[in-house]
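Colleague: sequence below, structure please.
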Amino acid sequence: MKVFVEEQRFNQWWLYAIIFATMVTIVISVYEVYDATIIEQTNEFWMSAGIGIVISFIMFAVLFLKLETKIDERGVHYGFWPFQLKLKTAEWHEIEDCYVRQYRPIGEYGGWGYRFSLKKHGKAYNVKGNNGIQIVFKDDSRTLIGTQKPSEVAAVLKQYAHKLNKIS
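Modeller: Model prediction:
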């Protein structure tokens with residue numbers, strides 16, 4: 001049987017621009033505050049500098065996130081590295097339905113990344129675009145995994161369609 005593997009990263013140019021501009025603004029702000037308070041280093045200064053550094057680090061770390069997806073005879077495996085070193089697995093016997101669909105990232109999930117919907121849409125793991133692998137579990141929970149290769153995923157899911165609903 002065929003195995004599908006996909007890795008996606010946050011590599012949009014506008015995201016790099018936002019992260020760079022934010023980091024530069026934070027560094028300049030901390031430097032100017034430091035220069036103005038050089039004589040009197042206050043706790044407020046160190047607190048704001050620490051918060052600025054943490055925010056910069058988190059924004060920089062986004063550039064290293066990777067969404068991994070694998071579909072094989074066992075099921076659908078997915079996760080964001082480095083937060084999930086071992087991929088989550090949705091085994092075929094746990095899945096009621098699995099298909100490729102277009103979705104509205106902002107309208108349904110509030111954007112990209114690891115998201116969850118307060119409505120019936122469930123969780124989403126996405127990086128960019130508006131195509132995803134919709135997994136509906138037998139307990140009626142839902143997970144959507146973004147993909148940049150919808151036609152390839154559809155072909156692989158068609159090969160494994162016989163595994164759905166076989167084991168109760």
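
Colleague: now the helices for the chain?
Modeller: Counting by DSSP state H, the chain has helices at residues 13-36, 43-61, 150-159.

Colleague: okay, those helices in a markdown table with mean pLDDT and distance to Thr89 next?
Modeller: No exception for glycine: its C-beta is placed from N, CA and C like everyone else's. A markdown table is the format used below for these (pLDDT from 0 to 100; distance: least, C-beta to C-beta, whole Å):
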| stretch | mean pLDDT | distance to Thr89 |
| --- | --- | --- |
| helix 13-36 | 71 | 29 |
| helix 43-61 | 73 | 25 |
| helix 150-159 | 92 | 16 |
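
Colleague: domains of this structure?
Modeller: What automatic domain parsing lists as the domains of the chain is 7-63, 71-163.

Colleague: including mean neighbour count, could these go into JSON lines?
Modeller: Below are the domains of the chain laid out as JSON lines (neighbours: other C-beta atoms under 10 Å):
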{"stretch": "domain 7-63", "mean neighbour count": "13"}
{"stretch": "domain 71-163", "mean neighbour count": "16"}
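
Colleague: in contact with the residue nearest the centre of the chain, which residues?
Modeller: In the chain, the centroid-proximal residue (C-alpha atoms, centre = their mean) is Gly113; its distance is 3.0 Å. By C-beta atoms under 8 Å, 6 or more residues apart in numbering, Gly113 lies in contact with 65, 80, 126-127.

Colleague: could I get the average pLDDT for stretch 66-79?
Modeller: Across stretch 66-79, pLDDT averages out at 92.

Colleague: on that earlier part again, what about the residue nearest to the centre of the chain, distance to Gln159?
Modeller: 30 Å (C-beta to C-beta, to the nearest Å).

Colleague: just Thr25 next, same as before
Modeller: 50 Å.

Colleague: before we move on, what about Met47?
Modeller: Distance from Met47 to Gln159, by C-beta to C-beta: 56 Å.

Colleague: with Met59 instead?
Modeller: For Met59, the distance to Gln159 - C-beta to C-beta - is 40 Å.

Colleague: then Trp81?
Modeller: 26 Å.

Colleague: next one: Val24
Modeller: 49 Å.

Colleague: please apply the same query to Val27.
Modeller: Val27 sits 51 Å away from Gln159, going by C-beta to C-beta.

Colleague: again, but for Ser151
Modeller: For Ser151, the distance to Gln159 - C-beta to C-beta - is 13 Å.

Colleague: Ile133 now?
Modeller: For Ile133, the distance to Gln159 - C-beta to C-beta - is 14 Å.

Colleague: now do Ser141
Modeller: The spacing between Ser141 and Gln159, counted by C-beta to C-beta, is 24 Å.
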